[in-house]
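Undergrad: Requesting a structural model of the entry that follows:
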Amino acid sequence: MGAAVILFASSGIAIWLIGVLPLRARYEGQSRALDVAIADFHQQRWVRPVLRGELRDGNAYAAQLSAIGPLRGLPSEALSDAMERMHDGEPPAQEMLSLIEEHRVHLARYRAATAHRWTWGDYAVEDGISAVELDYTPHIAATRLLTLMASTASPDECLRIGADIIRLGQDRATGRSMIGLMIHDVGVREIFDRFAQCVLEAEPEHVRRVASELAILVEHPAPMGYAMEVEAYYAGATIAQELRPLLQLPSSGREFEIWWGASDSLEAWAALADDPVARRQIGEDYPDDIARYERWAAGLAASANPLLSIGAPQLGRFLRRNASTRTRVRMLWALARLRSGEPRTVFLDPLLRDPLTGDPLQTHETSAGLEIQSPGEDGASGAGDEESDDLALRLPAN
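TA: Now for the predicted structure:
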């Protein structure tokens, strides 16, 4: 009897030493690396040139959140309908004009948030799946009200509002999840046509001014890499929370399941969240970053690990959408430069290459004038879904 007890105990110790301790050590090692990376993430700041006016100290993201208070009650559905009518060529209804007047001061304060020296959303990446997302609804509504304001403003003020809409979206998306960039993409797409029309209608000195502002927006796009880094932390922190029972003896069926599948979970954690800081570079080398990311995601999807083959992230379309947003801003900059009197050789500028393809923006002479188009397939944005609308601007003949 005593020998049997000793043998059983010895077997348990052997299983502990051979099977459990290495898993626990790996968990603790990956946790330490994750904690170091998260601490570094929270220390980040995106410092970018302001578009105009006096530079203010502080965080533009925090200033936006402070300024949005009086705009939280904006009628989202009515604004959405008004945007559809605007894109159909209809002027804003009196209800919308009254709304603009009612909130003119509040919108000015909201726009003034862009004058701050730096921005950082400081997403709670350590919370993983429990992280609370920002409520973007009032920001979408405020951006749409600004777009309607631009549609009724003088060409000069329209250009200022358009540039501010782009910068507000950039500032709000930095240091946040992918959702922030998606909202930014929508804002740029919705102001795009009106912005271009105002470039065509504005006086030369105003066009030259906005050309310098667009140059800043082109040279300092919203960093995609931080959103990709957040995705890595989301996976790492979520799996780390799931594997916490590895730090103690299992006491339930669920904890035994976690122990049993710990190897696959740790492998998935390493694959999805290895070196999150390196993700910050994604978006600095379009379109090659898109191709590299999709090769990496395809490799995960082909893994024998079911957690990876089923749960491999598919973010390529969001990278394409982000690239198409940058293309739109570059098109507006090209249009402003042409209207400022620069020659067609502006399209040789490397900063006017299409991030979707890496090729220069295309120009075509038509009976109506000059057309600027993305060199992507049929001029589409390449987003592969409802976002793959026409990416083109027309400059009327003189």
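Undergrad: quick check: domain ranges of this structure?
TA: As assigned by automatic domain parsing, the chain contains the domains 57-223, 225-314.
Undergrad: Isn't residue 391 up against residue 374?
TA: Yes: the pair residue 391 and residue 374 passes the contact test of C-beta atoms under 8 Å, sitting 3.9 Å apart. C-beta: built from backbone N, CA, C; applies to glycine.
Undergrad: got the contact list for the residue lying closest to residue 23 once chain neighbours are set aside?
TA: Using C-beta to C-beta, 6 or more residues apart in numbering and skipping residues adjacent in sequence, the residue nearest residue 23 is residue 262, 4.8 Å away. By C-beta atoms under 8 Å, 6 or more residues apart in numbering, residue 262 lies in contact with 23, 27, 243, 246.
Undergrad: how much space between the third one and residue 232?
TA: By that I understand residue 243. Distance of residue 243 to residue 232, given as C-beta to C-beta, to the nearest Å: 16 Å.
Undergrad: Kindly report the same for residue 352.
TA: Distance, residue 352 to residue 232, by C-beta to C-beta: 32 Å.
Undergrad: ok, the two, which is more surrounded?
TA: residue 232 (22 against 18; other C-beta atoms under 10 Å).
Undergrad: now for the strand or helix carrying that one, which elements pack on it?
TA: Applying DSSP states H and E as the criterion places residue 232 in helix 224-242. Packed against helix 224-242 by the contact rule (3 or more C-beta pairs under 8 Å, 6 or more residues apart in numbering; DSSP states H and E) you find helix 21-42, helix 178-201, helix 262-273.
Undergrad: Now tabulate these in a markdown table and tack on distance to residue 281 and mean pLDDT.
TA: Shown next, in a markdown table, are the helices and strands packed on helix 224-242 (distance: least, C-beta to C-beta, whole Å; pLDDT from 0 to 100):
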| stretch | distance to residue 281 | mean pLDDT |
| --- | --- | --- |
| helix 21-42 | 14 | 92 |
| helix 178-201 | 16 | 96 |
| helix 262-273 | 16 | 90 |
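Undergrad: and residue 315, how many neighbours?
TA: Other residues within reach of residue 315, judged by other C-beta under 10 Å, total 20.
Undergrad: Could you pull up the residues touching it?
TA: Shown in contact with residue 315 (C-beta under 8 Å, 6+ apart): 178, 228, 231, 293, 297.
Undergrad: how close does the closest residue in space to residue 165 that isn't next to it in sequence get to residue 326?
TA: In space, and not counting its chain neighbours, residue 165 is closest to residue 191: 5.0 Å by C-beta to C-beta, 6+ apart. Applying C-beta to C-beta, the value for residue 191 to residue 326 is 15 Å.
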